[in-house]
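*Asks:* coords please:
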Amino acid sequence: MEDTDLHLSDEPMTGMLDTDSPESVESPAMEGNGEDFLPDLPVLTHAAEWTMDQDPHNLTTVIHDSDSESDQSSPEVIEQHQVQQSDLGSVEQAVQHFQLASAELFQEERREHEDSDEQSRSPQAEQQNQMEASSDESQDGHNTATEPLIQSEKLSDTGEQQQDPVQAQPPMVAEDSSPANMELEESKETEQVEPVEEPAVPTEPLIPSEYEKLAKGCEENPEDFNGWVYLLQYVEQENHLGVVRKAFDAFFLRYPYCYGYWKKLADTEKKHGNAQVAEEVYRRGVHAIPLSVDLWLHYLSFIKDNADPEDPETPSRIRAAYEHAVLAAGTDFRSDRLWEAYINWETEQERLANVTAIYDRILGIPTQLYSQHLQRYDCSFIMVTEIENMRHKVIESRQEVFNQNEQEVSKRWAFEEGIKRPYFHVKALEKTQLSNWKEYLEFEIENGTPERVVVLFERCLIACALYEDFWMKYAKYLESYSIEGVRHVYKKACTIHLSKKPNIHLLWAAFEEQQGNIEEARGILKSLEELVPGLAMVRLRRVSLERRHGNLEEAEALLSEAMASGKNASETSFYAVKLARQLLKVQRSLTKARKVLLETIDKDQTSPKLYLNLLELEYSGDVQQNEAEILACFDRALSSPLPLDCRLTFSQRKVEFLEDFGSDINKLVTAYDEHQKLLKEHESTKRKAENG
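*Replies:* All right, here's what the predicted structure looks like:
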């Protein structure tokens, strides 16, 4: 792993670019991991109201209520609710929150945005054509020159596109051919063109030279984090929105856990007036790191700042956003600021029942500031009622839950204190940090609930994203619970964080083969070999996969190709031995196996393994019938430029063969005499070496 001295160890840029969250400027940045993603928040216009009689611990119900108006009648929802009753269902539910549902929801949301873009653009294009037809020649030429700029702006800012009153008018407006209407239309077009034309024209020529140079460096060496930092700094300074998007998107493919950069991109979009695109950036960010409390707080602040206070559905939308946030990150040990923000907002809305329900949930979750929640709850209840007996009764009913939670916190406190770097960084972790994570995971697996185990793994894989041991441990844990969860862990590790680590790729391919996905396993191994060519372990795994599934010709071809492309004689000899064994033991072709070894010996006469494997091959048949071939193999080794020690070993084995299986005493005597000569030569050489 490549170190970078770009940042001080106590303030790494990767995870803590903007640690001052909108809710608490004094709290350090916390990072999270996983693949949870939200449904389209604007759809969530009927989030369930919290009441005192609701079960605050039934998180599945909250998800169903906030995800869709019609979820209650959905058979998939009923099935998920039933699965929740067992540990198997609990883990699958937790994994689904972090991993499984995210991809489908994300794709559906993107399709919805694309469809809405097409629908909003089509009437605009029709209107533009009619307006051009009704304009004079000079105005028509002006529109033609500026239309590419307008269309570019429409594609990059769907929010403005939907709100523009001129664009929203129906095409029939252009049917009125009166001069007054034509003049009005021309003035409206001019108003549209002028603000677009000013920023677009001067920025285009400023980009290519330096950007292409920096981008090429990142493409050639994506592990160089400093190179990415310089690239992102450059595009931010140039303030060219298209290039900013391109650079940040490429960066996130490699380093999605750097939450500060998600906020930077969202801020850039917002600065350019693209509020809807900025919200999409935040969605992508919490999709990549749903345990990032800081990113959630920034996202929630963005939603509140851009909400329409006159819209009666605004509180429901904001409440649904908070619900998604606490469902994704609320079980993190350091998620207190998120819960406090939710409570503060509901308090501002004067929804006491909701505040009480939130406290009921957080009082049962082990968090860093667990004791403060009960104190705040006590204080808030004092302000609400002066009936002392009622207050004590309410507090006592929650004290037992608090006490149990306090015990759980105390069990984990030492592990949490040992976590010094909970965020992602390209620099290597200290051994004590790695040991602490391993011990914490073992403790949680043995003592915790499946949901908490999943959350801890997701937290761990932020700080330890570049260590394949933790990914493999996570996948192994999920094997008993969720096949899709295992697949998702392997895919995320191999395609994003550990793209060049062979061991985890081999495990992923083996897992897919176990599930019967042979083509998927074949593709994983082939892709890895293309990315990191020359790895013998990968080529041999490809060969064994083909052999296991009866593709012997393909297995032979892979070994032959490896022989032909060997970088040196030693590598060629290695694959020749493998191919000879394949031909002899699997394909039952002694002749082809012998030919492979003899041809390779002619090219590499100093490899003892070639002679030994040729000898083994000849021994595999009838030794009396193959006596001539076996003796020829011995003679070939004894007359080769092999070291004296190797030739002495072959001479000894030749004498033993003739003693055991030879048919001619003369050959035995001759072999014995030659062996004695080699012994004397060996002794002489040994004495000279000892005497210096």
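*Asks:* and Pro366, helix, strand or coil?
*Replies:* Following DSSP: H, G, I helix; E, B strand; the rest coil, Pro366 is assigned to coil.
*Asks:* ramachandran angles for it?
*Replies:* phi -70, psi 110 (degrees, to the nearest 10).
*Asks:* that one: what's it in contact with?
*Replies:* Listed by CB atoms under 8 Å, 6 or more residues apart in numbering, the contact set of Pro366 reads Phe333, Asn405, Glu408, Val409, Arg412, Arg452. (C-beta placed from N, C-alpha, C; glycine too.)
*Asks:* next one: it from Ser335, what distance?
*Replies:* 10 Å (CB to CB, to the nearest Å).
*Asks:* among the contacts of Pro366, who's most crowded?
*Replies:* Phe333 (23 neighbours; other CB atoms under 10 Å).
*Asks:* circling back to that earlier point, and the contacts of Pro366 as TSV, adding distance to Arg588?
*Replies:* Shown next, in TSV, are those (distance: CB to CB, whole Å):
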residue	distance to Arg588
Phe333	61
Asn405	67
Glu408	63
Val409	66
Arg412	60
Arg452	55
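*Asks:* and the least confident of the residues you listed?
*Replies:* Among the contacts of Pro366, Asn405 carries the weakest pLDDT, at 79.
*Asks:* where in the protein is pLDDT low?
*Replies:* 1-208, 378-397, 692 (pLDDT under 70).
*Asks:* circling back: list just the nearest of the contacts of Pro366 to Asp224.
*Replies:* Nearest to Asp224 among the contacts of Pro366 is Phe333, at 33.1 Å by CB to CB.
*Asks:* checking the closest one next. Helix, strand or coil?
*Replies:* Of the three states, Phe333 takes coil under three-state DSSP.
*Asks:* one more: Gln625?
*Replies:* When classified by three-state DSSP, Gln625 comes out as coil.
*Asks:* tell me, how many residues neighbour the nearest residue to Ile303 once chain neighbours are set aside?
*Replies:* Leaving out its chain neighbours, the residue that sits closest to Ile303 by CB to CB, 6 or more residues apart in numbering is Ala321, at 5.2 Å. Applying other CB under 10 Å, we find 23 residues neighbouring Ala321.
*Asks:* quick check: which element contains Ala321?
*Replies:* Assigned by DSSP states H and E, Ala321 falls within helix 314-329.
*Asks:* Ile289 and Asn239, how far apart?
*Replies:* 26 Å.
*Asks:* neighbour count: the two, which is higher?
*Replies:* Ranked by neighbour count (other CB under 10 Å), Ile289 and Asn239 place Ile289 first, with 29 against 14.
*Asks:* isn't the more buried one right next to Leu295, touching?
*Replies:* Yes - using CB atoms under 8 Å, Ile289 makes contact with Leu295 at a distance of 6.3 Å.
*Asks:* between the two, which contacts overlap?
*Replies:* Common neighbours of Ile289 and Leu295 (CB under 8 Å, 6+ apart) are Tyr259, Trp262.
*Asks:* what's the nearest residue to Leu615 if we skip its chain neighbours?
*Replies:* Of all residues not flanking Leu615 in the chain, Cys633 sits nearest, at 5.0 Å (CB to CB, 6+ apart).
*Asks:* which residues sit against the helix or strand containing the one you found?
*Replies:* In the assignment (DSSP H and E), Cys633 maps to helix 627-638. Taking CB under 8 Å, 6+ apart as the criterion, the residues outside helix 627-638 that touch it are 601, 608, 611, 614-615, 618-619, 623, 646-647, 650-651, 653-654, 657, 661-663, 667, 674.
*Asks:* after the helix or strand hosting Tyr261, which helix or strand is next? Please name it.
*Replies:* Secondary structure from DSSP H and E places Tyr261 in helix 259-271. Using DSSP H and E, the helix or strand that directly follows helix 259-271 along the chain is helix 275-288.
*Asks:* I'd assumed Asp224 was in contact with Val426.
*Replies:* No - Val426 is not in contact with Asp224 according to CB under 8 Å; the separation is 9.3 Å.
*Asks:* these two: which has the busier surroundings?
*Replies:* Here Val426 and Asp224 are compared on neighbour count by other CB under 10 Å; more neighbours surround Val426, at 22 against 15.
*Asks:* distance of that one relative to Lys501?
*Replies:* Distance of Val426 to Lys501, computed by CB to CB: 15 Å.
*Asks:* equivalent analysis for Pro309, please.
*Replies:* 50 Å.
*Asks:* which one of the two has more residues nearby?
*Replies:* More neighbours surround Lys501 than the other of Pro309 and Lys501, with 18 against 7 (other CB under 10 Å).
*Asks:* since we're on Lys431, how many residues are nearby?
*Replies:* Neighbour tally, Lys431, other CB under 10 Å: 8.
*Asks:* with the one 3 residues further on instead?
*Replies:* Other residues within reach of Leu434 by the criterion other CB under 10 Å amount to 17.
*Asks:* buried residues in whichever helix or strand it is part of?
*Replies:* Using DSSP H and E, Leu434 falls within helix 431-447. Of the residues in helix 431-447, Gln433, Leu434, Asn436, Trp437, Tyr440, Leu441, Phe443, Glu444 count as buried by neighbour count, 16 or more other CB atoms under 10 Å.
*Asks:* coming back round to it: now the element after the helix holding Ala321, going C-ward?
*Replies:* Following helix 314-329 in sequence, per DSSP H and E, is helix 336-348.
*Asks:* quick check: next helix or strand after that following helix?
*Replies:* Immediately after helix 336-348, counting by DSSP H and E, sits helix 352-362.
*Asks:* relative to helix 336-348, how tilted is that following helix?
*Replies:* Relative orientation of helix 352-362 and helix 336-348, computed by axes from the mean of the first three to the mean of the last three CA atoms, to 10 degrees: 160 degrees.
*Asks:* run the angle between helix 352-362 and helix 314-329 for me.
*Replies:* In terms of direction (the same axes, to 10 degrees), helix 352-362 departs from helix 314-329 by 0 degrees.
*Asks:* what helices and strands are in contact with helix 352-362?
*Replies:* Counting contacts by 3 or more CB pairs under 8 Å, 6 or more residues apart in numbering; DSSP states H and E, helix 352-362 packs against helix 336-348, helix 370-384, helix 388-417.
*Asks:* at 7 Å instead, please
*Replies:* When contacts are defined as 3 or more CB pairs under 7 Å, 6 or more residues apart in numbering; DSSP states H and E, helix 352-362 sits against helix 336-348, helix 370-384.
*Asks:* can I get the ones you listed in TSV with distance to Val586 and mean neighbour count?
*Replies:* Output for these, formatted as TSV (distance: least, CB to CB, whole Å; neighbours: other CB atoms under 10 Å):
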stretch	distance to Val586	mean neighbour count
helix 336-348	59	20
helix 370-384	62	15
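*Asks:* now stretch 601-609: buried residues?
*Replies:* Neighbour-count burial for stretch 601-609 [16+ other CB under 10 Å]: Ile601, Asp604, Gln605, Ser607, Pro608.
*Asks:* same check, this time on stretch 296-314
*Replies:* Neighbour-count burial for stretch 296-314, counted by 16+ other CB under 10 Å, picks out Trp296, Leu297, His298, Tyr299, Leu300, Phe302, Ile303, Lys304.
*Asks:* now the last one: how far from Glu269?
*Replies:* I take that to be Lys304. In this view, Lys304 and Glu269 are 17 Å apart by CB to CB.
*Asks:* before we move on, what about the second one?
*Replies:* Leu297 sits 18 Å away from Glu269, taking CB to CB as the criterion.
*Asks:* re earlier: immediately after the helix holding Leu434, which helix or strand?
*Replies:* Following helix 431-447 toward the C-terminus (DSSP H and E): helix 450-463.
*Asks:* can you state the direction angle for that following helix and helix 314-329?
*Replies:* Using the same axes, to 10 degrees: helix 450-463 against helix 314-329 is 80 degrees.
*Asks:* and the gap between Gln587 and Lys578?
*Replies:* Taken as CB to CB, the span from Gln587 to Lys578 is 13 Å.
*Asks:* more neighbours: the two, which one.
*Replies:* Neighbours per residue (other CB under 10 Å) separate Gln587 from Lys578, with Lys578 holding more: 21 against 15.
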